[in-house]
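Q: following is a predicted model, sequence given first.
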Amino acid sequence: MPAKKYRHLLTVHTGPMKAAKTLHLIQAYLHAQASRRTVQAFRPSVDTRHADPIICTRFGNVCIPASLVGSGADILAALKPETTLVLVDEVQFLESGFPATIREVLMQADVVVSGLDLDFRGLPFGPMAELLAMADTVHKYTTVCDACGGLARFSQRLIDGKPSRGEEKEVLPEGKQENVSYEARCHKCFQPPRSLTVTKQRRMKG
């Protein structure tokens, strides 16, 4: 009789940019190697900050090898039978149906993912809301506000130095366009697109 499959554990590291999410993912990789576990790491190919198949942290430029993927299907196709831990960085860039991929992977291996919980508008980013609901453990981080030094919770997109409009693309990776930059912002300094603010005010009045 074949062994009964069971669901393994899902851990999510999330928060704004510059909050050391990737650093914690890399720590999970190093710990797995020390424990002699078979681990596979993945990064969305849309993340153009690094051309090489690696995952790197901003803090000390610590890197680990990773496979570049365009979708959850690519992860399932690359998954090895002996793998017991799967790591995925920048999961906010993957498709909205990506949690279904994670459910399949969890039947074989533990999963650790990292990514932004909110997009530049302050709204749930891609598949992150569902992944947070699925998670066995959630680590939610903050960082230093680039504008005032306070406690940053948001990622502000700037185009030519000004806050991005609400109708802009949700996915616009850092470094892809020279006039696009991102900053970590606190509640006070974060400037959501004005169109969203107006819509919210109208709903409250109605």
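A: That came through fine. Numbering: from 1, shown residues only.
Q: can you get me the start-to-end distance on stretch 130-142?
A: This stretch, stretch 130-142, spans 20 Å end to end (C-alpha to C-alpha, to the nearest Å).
Q: for the remainder of this discussion, apply numbering that starts at 4.
A: Sure thing, new numbering starts at 4, so read that last one as stretch 133-145.
Q: for it, give me every contacting residue.
A: 12-19, 22-24, 27, 94, 101-102, 105-106, 116, 118, 120, 154-156 (C-beta atoms under 8 Å, 6 or more residues apart in numbering). For glycine as for every other residue, the C-beta is placed from the backbone atoms N, C-alpha and C.
Q: may I see the buried residues of the longest helix along the chain?
A: If you go by DSSP state H, the chain has its longest helix at helix 24-37. Of the residues in helix 24-37, 24-29, 31-32, 35 count as buried by neighbour count, 16 or more other C-beta atoms under 10 Å.
Q: and if you look at stretch 125-134?
A: Judged by neighbour count (16+ other C-beta under 10 Å), stretch 125-134 contains these buried residues: 125, 128-131, 133-134.
Q: give me the buried positions along stretch 165-180.
A: Of the residues in stretch 165-180, those buried under the neighbour-count criterion (16+ other C-beta under 10 Å) are 166-167, 169, 175.
Q: before we move on, back to that, show me the contacts of stretch 133-145 that map onto helices.
A: 24, 27, 101-102, 105-106.
Q: for V65, see how far away V114 is.
A: V114 sits at a distance of 21 Å from V65 (criterion: C-beta to C-beta, to the nearest Å).
Q: of those two, which one has the most company?
A: Between V114 and V65, counting by other C-beta atoms under 10 Å, V114 is the more crowded of the two (25 against 14).
Q: dihedrals phi and psi, the more buried one?
A: Backbone geometry at V114, expressed as degrees, to the nearest 10, gives phi -130, psi 130.
Q: who's it bridged to?
A: V114 has the following beta-bridge partners by DSSP bridges: L13, V89.
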